[in-house]
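1. This is the structure alone, sequence omitted:
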């Protein structure tokens, strides 16, 4: 059975598991106040060229988004996000649960633009409207697209001008950084965003997202907010140990690069076979359009997700590659798709 | 350096880590919808004699308390808890963050009684008072004491009569079940509580608490609440794999029994040496009273927590044993304390 | 200066003010537990043919919407509303402040349909999506349109089938009931909605909305939710006295009918003068389209609101009539508009 | 029937009602953006010697407390209050509904002290504790006692030192200012508190509390929070008109002084008759202790509230005077109590 369902189907990269095993019986202080978390935070600050940044580790992506947005905003402040944004449709109302409205903007390619943000803010000048205060974007986006430095810089400048915070959900940040044509590195996110995450769950860890805060006005009491939101792990060092292992010797980006390479191979095959792509994704998520019959047949020996039923009855599906994806698996999928044409 | 700071200082029991390692590269569906979680839930239902119970797995204890109480209550409903209750003073306002008031009752031994609950409810009859709807207790309590079956049954009956839900925080449920004199097993919790947790973090897992719901009126949409509260782990199977390993062949209770045995050895030594105990704990947390000088001297080669500064200048401290505590460590601590008399 | 800005620019109908004055120095129990509120609630139950309905009085419309939705829903439950719905864009995130996501559906004429509701629900089947539980609609709508009995019945049936609650915001219920062609009376709202409001603020009262609950499952503890949300007025009888006065001898509907009649006169004039109407409203709000020059000139001696800047530079504005609007005022406005053609 | 139940049993002072009647048919902009609110706010700024203060008007006291605390705090911030504080036990969990924990301190006379506040803060240093950020006090307190300038100044200094906001609930501020021995005027509240309210409901208005913000860091977006919390009245001018009338020519303090005078007369009588007083109140609430038989007999021809059942079976009851209380009524009550001795 082939599996292109997602990039969190398996456990951890062997180096990560090994680090957990090696440190297993050590006794350390709890709640992330240990030397492993401190070292991993240092590594991240160094990678980001942000020696003053605050780094916190949490277990999952929805938790990270809910925590960051909840900690940064006052209750009457709202979030701007693409309609496809993860927080808008895939987190069961987690942001609203904390009291914040999400203003969703239609974004055909999953990406916000500075102009869209500015226009949304201009429509919220009255007392009875929500008050936008934070721009949420994800990179890579939920449809696999990737922001360029020019685009992110424009949003950054717009946010500065309008008094907005900029937060980047980096659940797939490795894939964004290593995507072909990408010109944004760790340090750019640190320079352009007030807060962002470095996703581990989808790129080699058992679990774990690093929250990086670069705007000093956001530092005070963040840990209190973490505790209040149930986001501090008792054995917090597990996150430090894992991030320490994955960030060593460039492993994090290497795994992401591999996943992207596998996706590119698959993408080239899909194009060659004539399957249309719903989104122009250079990263590890691809969104081909299949007929219902093709989808049903493929599902017999390949796991994947259906994203949308199109008006003409065809299906937009999703294939995701990960650090574990093998060339042979990609080729087997392509063989199968060739047979289904 | 001796370490009696807490029962979450180290990683997982080797059997748990081995299970994680063995299953590491399997690809399974995410979010806990995998066969490992299903099997662990079945095991728990069997242990509890509750074939219809819902079982959910979350990463941590504060998360579990926040989730359960938040999912079960309407916003205007309040919680009754002992003043020492974990949710009252140790979770940074996590329950209030979800909108619920905690009515705290003074409980010198950390335990609620049916009478205390009934009296608290009787004082909330007016429209302007909070509306108690759920009784929170923990077993073992935060001061190491343990409820008897008679006590828990009385609270259960009181809750039934008054229309209250009963929730037991079992972060140290293994220690409660195996404490000398304990007459409450898994099945009793299932029979007497509407919801309870089986704590893994403090008894052999890397992380993980099982939430057991036995009142069918609480089943609908609990998973939606989990997602909304950021409490669903992407690689949810990690929790199923771990619980599967720890619940196999009675390992869970064996580890707890060992911790209790080490605590008992320590307790007997403390009594022999004449150290007063602030709480009469039969479980794996002990609360001796030291002079400031004794505490300072001991801290040089033993990690432990100070709980309270007494009016006379002495300190109530806490020694916690775990499944990793060795007899030799207990004896070394006692030697040290003997020298400090 | 003409004034067509809104229907809450002035104080109360003289009969209402007189009732307040007559009862001013009486001493009664507080918080709405007085005989005036009881009598007004009885009158409403009688008007609605709903002898078992619960009736509560609150001071304002946003408060009513926030209270009802907050009291009825569990935190993980979401609301379905038209994109133009008052709660979606005009209450500064009040519903989200209580934790609930609003799923907004595009509705060109401001009205939801059963089909739209069903489709929205069908897209929320996954655990990670919000869980729709309540349909919010307003009648008249925010663009002046009015639901027919057939339309509301279809939505009612759809809600029943899908397990949704139906709530109608009746801030302008009088205008809806007395609109030309309307076939929905008080009793129909009681029969078709689980909860609805009868707006007083915009139809003769100083302030006040009556919340009518007809679904018995919603009765328990509603008053507790009111208190918690700050929605119980100390001198609650003020609401009972006012509603008592306005509901006497059909005054409530008479005032609304007058406002509608003035709007119809205005509408006929607008059509005659060739001003396009952005929405086909039979009620007391009209939405003509003016050029920027016309709007600027008119604003010199008439108060009104601008709703939207159209793509071609013209403006959709709003004229609102009320129980105080005089024929002569309508005619003066039409004269002015005739001169501006 | 005598009525000493509370100070919100009747309507408005005739001058207030007259002002409402005179302005009734004027058309003004809504939501408090009218000239009456502007003028009343100016008057309050002048009275307070605080030309920069922000003044907002809301309908009720619970609403004011919920709004101010909710608007000023971040979600993880907590409130310090006396255990008798109105927000702690009489608002159905309204503050927690907004996410904030209330740390309640035992205060036998209903008053916080700087020392109590400092000690509470010192116990909240750990990440897992709530983070105190605002001190709530009421003046007069819920048991009728009154802060002195020295006491309030000490709390103010303590708050400044510890980075806390100080908020005074002035639901009975008039009574506090005019109580015998009081040395705090409007300007002192403005100088010592970051925010406070001037209660109108209990001192001559139909309804209405003025919220005064003196700390500029609290100004931004307060109106947005008001709207979000449902606390902006459509016909907001009703509040401006009423406050304008009551603040004219010293009427506000005159009414409060009268109520205090009536209470003093009653208090002297109670002392003369030998009825013990549970609290030493110099203001318009008195708390005598009656036997159950006395209470039952008195209740036949006098309305009053029972506050507490004492251990010995006696009852602490409450008598409240208001601007409407007549000497003859006080004397009649005392006659009745004399007969019941």
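-> Sure thing, it's come through. Note that the coordinates shown come from a computational prediction; the quantities given were computed from them, not determined experimentally.
2. For the closest residue to residue A:1 other than its chain neighbours, grab the count of nearby residues.
-> Take residue A:1 and drop its neighbours on the chain: the residue closest to it by CB to CB, 6 or more residues apart in numbering or on different chains is residue A:301, 5.8 Å away. All C-beta atoms are positioned from the backbone trio N, CA, C, and that covers glycine. The tally of other residues near residue A:301 (other CB atoms under 10 Å in any protein chain shown) stands at 11.
3. can you check residue A:39 too?
-> Using other CB under 10 Å, residue A:39 has 15 other residues around it.
4. what do you get for residue A:221?
-> The tally of other residues near residue A:221 (other CB under 10 Å) stands at 17.
5. I figured it hits residue D:75, correct?
-> No. Counting by CB atoms under 8 Å, residue D:75 is not a contact partner of residue A:221; they are 10.4 Å apart.
6. Common neighbours of these two, please.
-> With contacts taken as CB atoms under 8 Å, 6 or more residues apart in numbering or on different chains, the residues that reach both residue A:221 and residue D:75 are residue A:71.
7. Show me where the stretch 1-150 of chain A has its helices.
-> Under the criterion DSSP state H, counting those that start in this stretch, the stretch 1-150 of chain A contains helices at A:14-22, A:35-47, A:61-72, A:86-89, A:94-97, A:114-122, A:149-162.
8. Next up, phi/psi of the residue nearest to residue A:1, please.
-> Note on residue A:301: backbone dihedrals following degrees, to the nearest 10 are phi -130, psi 20.
9. Can you name the residues that contact it?
-> For residue A:301, the contact set (CB under 8 Å, 6+ apart) comprises A:1, A:2, A:336.
10. That one and residue A:337: what is the separation?
-> Applying CB to CB, to the nearest Å, one obtains 12 Å for the distance of residue A:301 from residue A:337.
11. now swap in residue A:300 and tell me
-> When CB to CB is applied, the distance between residue A:300 and residue A:337 equals 13 Å.
12. Could you check which of these two is surrounded by more residues?
-> Neighbours around residue A:300 and residue A:337, counted as other CB under 10 Å, are more numerous at residue A:337. The numbers are 22 against 8.
13. Would you check that the more buried one makes contact with residue A:273?
-> Yes. When contacts are counted by CB under 8 Å, residue A:337 is listed as touching residue A:273 (5.7 Å).
14. Can you tell me the element residue A:268 falls in?
-> If you go by DSSP states H and E, residue A:268 is part of helix A:251-273.
15. ok, and what's touching whichever helix or strand comes after that helix?
-> Counting by DSSP H and E, the next helix or strand C-terminal to helix A:251-273 is strand A:285-286. Outside strand A:285-286, the residues that touch it by CB under 8 Å, 6+ apart are A:140, A:143, A:144, A:172, A:263, A:266, A:267, A:270, A:277, A:318, A:319, A:320.
16. Taking those residues, tell me the two that lie furthest apart.
-> The distance between the two most remote of these (CB to CB) is 19.7 Å, for A:172 and A:270.
17. Which one's more surrounded, these two?
-> Legend: neighbour count by other CB under 10 Å for residue A:172 and residue A:270, higher for residue A:172 (28 against 20).
18. Excluding covalently adjacent residues, which one is nearest to the more buried one?
-> Closest residue to residue A:172 apart from its sequence neighbours, by CB to CB, 6+ apart: residue A:140 at 4.6 Å.
19. Where does the prediction get shaky in the stretch 101-250 of chain A?
-> Scanning the stretch 101-250 of chain A with the threshold set as pLDDT under 70 gives no residue ranges.
20. Can you pull up the residues of it that come close to chain B?
-> By CB under 8 Å from any CB of the partner chain, the part of the stretch 101-250 of chain A that sits against chain B consists of A:201-202, A:206-207, A:224, A:227-235, A:238.
21. Determine the longest strand present in chain A.
-> Longest strand in chain A by number of residues (criterion: DSSP state E): strand A:131-138.
22. residues from chain A in reach of chain D?
-> Proximity of chain A to chain D (CB under 8 Å from any CB) is limited to residues A:31, A:70-71, A:74-77, A:98-99, A:127-128, A:131, A:221, A:223-225, A:227-228, A:232.
23. Parallel or antiparallel, which strands does the longest strand of chain A pair with?
-> In its sheet, strand A:131-138 lies beside strand A:77-82 (parallel), strand A:165-169 (parallel), with partners assigned from DSSP bridges.
24. The following helix or strand past the last one packs against which elements?
-> Note on strand A:165-169: by DSSP H and E, the next helix or strand toward the C-terminus is helix A:173-178. Judged by 3 or more CB pairs under 8 Å, 6 or more residues apart in numbering or on different chains; DSSP states H and E, the packing partners of helix A:173-178 are strand A:195-199, helix A:251-273.
25. now the first one against helix A:61-72, angle please.
-> Relative orientation of strand A:195-199 and helix A:61-72, computed by axes from the mean of the first three to the mean of the last three CA atoms, to 10 degrees: 160 degrees.
26. Which strands border strand A:195-199, and is each parallel or antiparallel?
-> Using DSSP bridges, strand A:195-199 pairs in its sheet with strand A:165-169 (parallel), strand A:209-213 (antiparallel).
27. Put together TSV for these, with mean neighbour count on each row.
-> Compiled in TSV, the strands paired with strand A:195-199 are given as follows (neighbours: other CB atoms under 10 Å in any protein chain shown):
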stretch	mean neighbour count
strand A:165-169	26
strand A:209-213	26
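28. need the ones you listed in JSON lines with distance to residue A:254, can you?
-> As requested, those are arranged in JSON lines below (distance: least, CB to CB, whole Å):
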{"stretch": "strand A:165-169", "distance to residue A:254": "22"}
{"stretch": "strand A:209-213", "distance to residue A:254": "17"}
